[in-house]
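>>> The following comprises the amino acid sequence and a computationally predicted model.
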Amino acid sequence: MRTEIITKMAPLAAKRIGPARVGIGGPVGSGKTALIEALVPRLIKQGYDIAVVTNDIATREDAERLQRSGLIAPERVVGVETGACPHTVIREDPTLNLEAVDLLDRRFPKLDLVIVESGGDNLASTFSLDLVDYWLFVIDIAGGGDIPRKRGPGVLQCDLLVVNKTDLAPHVRVNMDEVRRDVALARGKKPALFTNCLTGDGIDEVIAELRRSVLLDA
């Protein structure tokens, strides 16, 4: 299933051979790591060879969480300590993440997919297309029903918007019909999906979108 990716915004001749690279960004607590924990076992079960790069400012908390999870072999998870604003190492200077991806590619030459999780950041966080081929942005209902209306580059520019923690809407007085309307207005023709990572609701739809848009086998 190893994929040949033509990078966006690049000449057709500029092809990247190797695993597909998918970025996952979003604010602190939106459920980025929970989304990875929901995606990984399903993707592995479907036959994909996967590795993960995580980003944290001064620790490797998310990497260690995934390494302890039992969902993926610990050596397939690499933690990056950004030492600065999280968006810096996924956008302005992604060198540390590129090195981590290259390390995993050398270590596991049959990789189909590397997931790069950003450290928690605000709605302005975006990924460099030198680093990833496709990126998701995760927001959550607990953060407030007005987030889609605030928009921001993350919400507007991502390839796929994931609205997580939909089960919490009644507990935080969020009207899901209004959220769906605002998401549709913000995204236009770009896809958006609604999930509950703890129960798995919506995860199969996220995988279907990844298979259609970046894994290129469906």
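That came through, no problem. Numbering: from 1, shown residues only.

>>> residue boundaries of the strands in this structure?
Ranges of strands in the chain, per DSSP state E, are 4-6, 15-17, 20-25, 50-56, 77-81, 113-117, 134-140, 160-164, 192-194.

>>> now for these, which one comes closest to residue 179?
Comparing the strands of the chain by their distance to residue 179 (Cβ to Cβ), the top pick is strand 160-164, with 6.8 Å. For the C-beta atoms, the positions are set from N, CA and C on the backbone; glycine is no exception.

>>> Tabulate the strands of the chain (a markdown table), appending mean neighbour count.
Shown next, in a markdown table, are the strands of the chain (neighbours: other Cβ atoms under 10 Å):
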| stretch | mean neighbour count |
| --- | --- |
| strand 4-6 | 13 |
| strand 15-17 | 12 |
| strand 20-25 | 26 |
| strand 50-56 | 25 |
| strand 77-81 | 22 |
| strand 113-117 | 27 |
| strand 134-140 | 26 |
| strand 160-164 | 25 |
| strand 192-194 | 19 |
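
>>> roughly how far apart are the residue positioned nearest the centre of the chain and residue 62?
Centroid-nearest residue in the chain: residue 24, 1.8 Å away (criterion: Cα atoms, centre = their mean). Distance from residue 24 to residue 62, counting by Cβ to Cβ, to the nearest Å: 11 Å.

>>> Tell me which residues touch residue 35, please.
The neighbours of residue 35, taking Cβ atoms under 8 Å, 6 or more residues apart in numbering as the test, are 24, 136, 138, 162, 164, 195, 197, 203, 206.

>>> Which single one of those is nearest to residue 37?
Closest approach to residue 37 among these (Cβ to Cβ): residue 197, at 7.1 Å.

>>> Tell me how many other residues crowd the residue lying closest to residue 176 once chain neighbours are set aside.
Excluding its sequence neighbours, the residue lying closest to residue 176 (Cβ to Cβ, 6 or more residues apart in numbering) is residue 169, at 4.9 Å. When neighbours are defined as other Cβ atoms under 10 Å, residue 169 has 17 of them.

>>> Residue 169 is in contact with residue 142, isn't it?
No: Residue 169 is beyond contact range of residue 142, at 9.0 Å (criterion: Cβ atoms under 8 Å).
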